[in-house]
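Q: Quick one, fold the following:
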Amino acid sequence: MKYYDECQKKVRYKFGFYSLLIMTALLLVYIAMPDDRVGGISYQNAIMIIIMTTSLFFLVNVVYRHAFFDQYTRRPFWSNVFFLAMAGLQAQQAYQLYQLGMDLPEPINTVEFVMLHGLQVALHLSIPLTYGVRTFVDWLSAKEQNTEETGQSS
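A: Presented below is the predicted three-dimensional model:
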C-alpha cells in the first residue's frame, strides 16, 4: 500500500468495506435459506461461491477506478497477460476435472462445479477485461474531449 496515492487507498478501503458488507449480507441470506432451496450445493462450496462473488465485485471496482496497478511495482500489460494465461490454464484444468468427475460412479454436481470453476475463471479474467474496458472508456472520452476542443478553437 505504500506505493498507492491517497485516492487509490481511499478507493481500496471503500470498496473493501462494501465487499465485506455484501459478503455478510449474502452469508446471512444463505444461512436463512432452507436446505432444500440451495440446489444441492454443499455448505463449504456455497461459502466459497459467496466469497468469490464478493472478491469479483471488489476486483472489478478497484481495477475500474485505477486503484489496482501502482506506478512503481506493477506493469499493467504484463500483469494482464499473466491473468489471461492463468484464466486459460484454469479453464483447461476445469475441463479436465469435469471429465474425470463425470466418469465417477456417482457423478459430480454439475451446477456446483460450473459455478465454482466459472467464478475462478471469471476472477482471473476480471482484471484484464476491466482494465481493457477502462482504457477504452478513457480513450473514448479523450477523443471526445479532443474533438470538442478542436471544434471550439476553429
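Q: Show me which residues of the helix or strand where residue 15 lies are buried.
A: Assigned by DSSP states H and E, residue 15 belongs to helix 6-32. Within helix 6-32, the residues scored as buried using 16 or more other CB atoms under 10 Å are 8, 11-12, 15, 19, 22-23, 26, 30. The way it works is simple: take the backbone N, C-alpha and C, and place the C-beta from them, glycine included.
Q: With stretch 51-63 instead?
A: Along stretch 51-63, these residues count as buried under the neighbour rule (16+ other CB under 10 Å): 52-63.
Q: In helices, which of those residues appear?
A: With DSSP state H as the criterion, helices contain 52-63 from among the buried residues of stretch 51-63.
Q: is it possible to export these to JSON lines including pLDDT and distance to residue 136?
A: Output for those, formatted as JSON lines (pLDDT from 0 to 100; distance: CB to CB, whole Å):
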{"residue": "52", "pLDDT": "94", "distance to residue 136": "26"}
{"residue": "53", "pLDDT": "94", "distance to residue 136": "25"}
{"residue": "54", "pLDDT": "96", "distance to residue 136": "26"}
{"residue": "55", "pLDDT": "94", "distance to residue 136": "24"}
{"residue": "56", "pLDDT": "95", "distance to residue 136": "20"}
{"residue": "57", "pLDDT": "96", "distance to residue 136": "21"}
{"residue": "58", "pLDDT": "95", "distance to residue 136": "22"}
{"residue": "59", "pLDDT": "93", "distance to residue 136": "18"}
{"residue": "60", "pLDDT": "93", "distance to residue 136": "15"}
{"residue": "61", "pLDDT": "93", "distance to residue 136": "17"}
{"residue": "62", "pLDDT": "92", "distance to residue 136": "18"}
{"residue": "63", "pLDDT": "90", "distance to residue 136": "13"}
